[in-house]
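S.K.: This is a predicted model, with the sequence first.
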Amino acid sequence: MSPPALRTGIVAVVASAAGVAALEGAECPRIPDPYSGEANAFGWPLTPAEFEFGMPRCWAEKYPLCSGEHQSPLALDLRLDDADCALHVDGVPGALADKASYKPLSGKPIVSVSKYMRAIHLQGDFGTLALKDASGQDVAYKATDAYLTADSLHEFNGTLAEAELLVVHRPAAAADALGGSVVLSLRFKEGPRASPLVAQMGLPSMGAPTFEGNMWQASESIDLAAALRAPLRGNFYTYAGSVPVPPCTENVHYIVLDTVESITPHQVQMIKDTLVKQAGGFRKRKPVHRMESGKFCRKVAANSLALSTAQTDCSAATRSAAACWEQRCDLSPIDIHSKSAAVMGAQATTPSFMYRPAGHATVAPTD
């Protein structure tokens with residue numbers, strides 16, 4: 001990176017940090033448009049937009065599940081000496097390698113910036129991953145989206161990595177991930193060796209990015225399979241968590257790979273500069289501690305192929321959330337059983353309907 005470009009990047013990072021500090025004591029914002037037109041990997045018909053990354057304390061005001069007990073990202077502190085925090089070792093290193101069948105995105109894929117995730121986004125058919133359900137049967141998940149961000153979301157033994165790639169999977173037999181998803185995490189640490197995957201996305205080890213704007217075409221195929229080949233042969237950690245941004249639904253199974261890939265400081269800076277310019281910043285929600293004050297310790301398993309699903313807390317504070325609807329009996333639509341319906345008396349009247357064409361109609365999303 002040339003000195004002027006480097007100075008620009010540093011100024012942007014300092015400005016971003018100052019903005020976060022100023023927001024910490026501010027009132028929760030009122031955002032006029034609660035949705036964005038951006039597609040998302042989790043199956044929402046409309047992508048939530050009524051939140052600020054710099055004010056995560058306000059998220060639960062509009063999205064109650066953001067105050068749940070299985071939130072992500074998680075601070076993976078494996079040094080905790082509390083008995084409830086003991087690491088559950090359920091398998092052997094490299095167990096994922098035989099269960100993954102990833103493949104490159106051929107041609108010149110489209111790369112974009114996701115404001116919703118504050119990440120550089122890839123969408124396509126990356127292949128599949130098989131995990132075990134409660135009965136021990138294989139369940140196939142299809143990898144559909146990849147999000148690259150800096151710094152990392154997850155913290156490991158008190159330290160953030162310089163960057164992180166989240167690969168989002170949905171059940172292969174489902175049309176979307178509304179019922180639950182699997183997120184595979186690959187972290188990056190600064191070193192002398194550039195990341196080929198990051199370079200393929202348009203962020204080379206030297207010089208300027210190979211793109212402008214918030215969407216571009218890669219100059220070559222993007223080989224996620226090659227980037228994951230060695231890390232899949234090592235240790236990994238799993239836990240039950242949530243979507244890391246609103247609505248924070250707690251139905252995500254996380255797999256955090258232990259192996260950390262190399263990335264140059266130049267590539268990290270280009271990721272941050274791109275996110276500051278195109279997504280409003282690079283800072284995201286801070287990791288949640290495994291053992292919050294007065295709460296239970298979050299379970300983390302090592303080398304386990306078993307799926308874990310967090311249980312959404314449908315207390316009075318969150319029972320209006322869509323994830324809790326099945327636990328309520330006062331909602332519509334309902335399944336009407338005509339044979340058990342009450343029969344009205346003889347004095348019941350037939351309703352009268354008087355409709356007419358509308359000359360004008362306004363169509364808008366609702367919350």
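M.R.: Noted; the coordinates are in hand. Numbers count the residues shown, from 1 in each chain.

S.K.: Spell out the residue ranges of the helices in the stretch 1-150 of the chain.
M.R.: Secondary structure of the stretch 1-150 of the chain (DSSP state H, counting those that start in this stretch): helices at 3-23, 59-62.

S.K.: if you average pLDDT over each of the ones you listed, which comes out lowest?
M.R.: For those, mean pLDDT drops lowest on helix 3-23, to a mean of 47.

S.K.: What's the separation between Ser242 and Pro104?
M.R.: Counting by Cβ to Cβ, to the nearest Å, the separation of Ser242 from Pro104 is 30 Å. The way it works is simple: take the backbone N, C-alpha and C, and place the C-beta from them, glycine included.

S.K.: same check, this time on Tyr355
M.R.: 56 Å.

S.K.: Of those two, which one has the most company?
M.R.: Pro104 (18 against 5; other Cβ atoms under 10 Å).

S.K.: correct me, but that one touches Leu224?
M.R.: Yes: judged on Cβ atoms under 8 Å, Pro104 makes contact with Leu224 at a distance of 6.7 Å.

S.K.: Let's see the distance spanning stretch 91-104 from one end to the other.
M.R.: End-to-end distance for stretch 91-104: 28 Å, by Cα to Cα, to the nearest Å.

S.K.: now stretch 209-218
M.R.: 11 Å.

S.K.: same thing with stretch 39-47?
M.R.: So stretch 39-47: terminal residues 7 Å apart, Cα to Cα.

S.K.: Number of residues surrounding Gly158?
M.R.: 10.

S.K.: Please name the residues that touch Glu50.
M.R.: For Glu50, the contacting residues are Ile31, Asp33, Pro34, Tyr35, Lys62, Tyr63, Pro246, Asp367, by Cβ atoms under 8 Å, 6 or more residues apart in numbering.

S.K.: now swap in Leu78 and tell me
M.R.: So, once contact is read as Cβ under 8 Å, 6+ apart, Leu78 ends up touching Leu87, Asn157, Tyr237, Val300.

S.K.: Check the spacing between it and Ala302 real quick.
M.R.: 9 Å.

S.K.: Equivalent analysis for Ser112, please.
M.R.: 35 Å.

S.K.: where does this structure dip in pLDDT?
M.R.: The chain contains residues with pLDDT under 70 at 1-25, 293-294, 309-335, 337-351, 366-367.

S.K.: Counting by contacts, list what the biggest strand by length in it packs against.
M.R.: For the chain, the strand with the greatest residue count under DSSP state E is strand 119-132. Under the contact criterion of 3 or more Cβ pairs under 8 Å, 6 or more residues apart in numbering; DSSP states H and E, strand 119-132 touches strand 100-102, strand 110-114, strand 138-149, strand 163-171, strand 181-190, helix 224-229, helix 265-279.

S.K.: quick one: which of the contacts of Leu78 sit in strands?
M.R.: Mapping the contacts of Leu78 onto strands (DSSP E) picks out Tyr237.

S.K.: Common neighbours of Leu78 and Ala302, please.
M.R.: Leu87, Tyr237.

S.K.: related to what we said a few turns ago, closest to Gly207 out of the helices and strands packed on strand 119-132?
M.R.: helix 265-279 (8.6 Å; Cβ to Cβ).
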